[in-house]
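Trainee: My questions concern the predicted model and sequence given below.
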Amino acid sequence: MKRSNQREGANAKVNDEQREARRVAIVDAAEAVFAAKPFSKVSMRDIAREAGISPALIYRHFPDQQHLFVEAFLRGSAKLADIFDQVLNTRSDACIEEAAKEFIAYLTEHEQYFKMMTHFMLEGSLSEGLQGRLNDIERSMLDKFDQVFEKAGMKGNPRMLSHAFFAALNGVLITFRQHPGRSAGEASKHMDQIGGIISSLFRHAVKQDLTG
């Protein structure tokens, strides 16, 4: 009886691992497809084809396309949060500049996450539960910006400054990420320069907070 229970437990563990591996593969496929096509043009069939599975199998893991893309965006935002943690371990006099540089670089290099974010902010219509998850992701990102400004020396509540910083950096990406007449390298360099200017302005705002 004991061996039977152990065997059942081992089989359940293998099944769980297989299920998680398949789930990861589906999210990987969704990211790949969304990087190549607009959200509105992507179907579950496209994702299934990319993942090498049937559309019916995807629905065993995700009830619809919105759940799948929120899951993918959650993974991307977690990676960005890890990058911000590294920024917070840098010297304090450069953390605002580093945060701006890393935010722009990450969303330039991982265009699928940028597309997801702008779609959800500008066009997406989500169910209440998914909107709550998306709001949690945004709050978590703003928390990281708060920590950046606090490390830079801000004594007051930094949340409004974090909102402004987040909006400014997204504006840079929207405006210059695919600027006509510039190569990808030139666009990246241009965005870095603008990010530096923005960082200087926000550093001044932090000093104003310190001096009252």
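Mentor: Perfect, I can see it now.
Trainee: and stretch 97-117, which residues are buried?
Mentor: By neighbour count on 16 or more other Cβ atoms under 10 Å, the buried set for stretch 97-117 is 97-104, 106-108, 110-117. No exception for glycine: its C-beta is placed from N, CA and C like everyone else's.
Trainee: Pop the domain breakdown of the chain in here.
Mentor: The domain map for the chain lists 1-62, 65-211, with the assignment taken from automatic domain parsing.
Trainee: Determine which of those shows the lowest mean per-residue pLDDT.
Mentor: Here the lowest mean pLDDT among the domains of the chain goes to domain 1-62, at a mean of 81.
Trainee: Tell me the gap between that one and the middle of its chain.
Mentor: Centre-to-centre, domain 1-62 and its host chain are 21 Å apart (Cα atoms, centre = their mean, to the nearest Å).
Trainee: Spit out the contact partners of the residue lying closest to A168 once chain neighbours are set aside.
Mentor: Distances taken as Cβ to Cβ, 6 or more residues apart in numbering put I198 closest to A168, at 5.1 Å, once the chain neighbours are dropped. Neighbouring residues of I198 by Cβ atoms under 8 Å, 6 or more residues apart in numbering: A100, F165, A168, L169, V172.
Trainee: I198 and F166, how far apart?
Mentor: Distance, I198 to F166, by Cβ to Cβ, to the nearest Å: 11 Å.
Trainee: give me every residue that touches the residue most central in space within the chain.
Mentor: Central residue of the chain (Cα atoms, centre = their mean): S77, 2.9 Å from the mean position. When contacts are counted by Cβ under 8 Å, 6+ apart, S77 touches Y113, I137, S140, M141.
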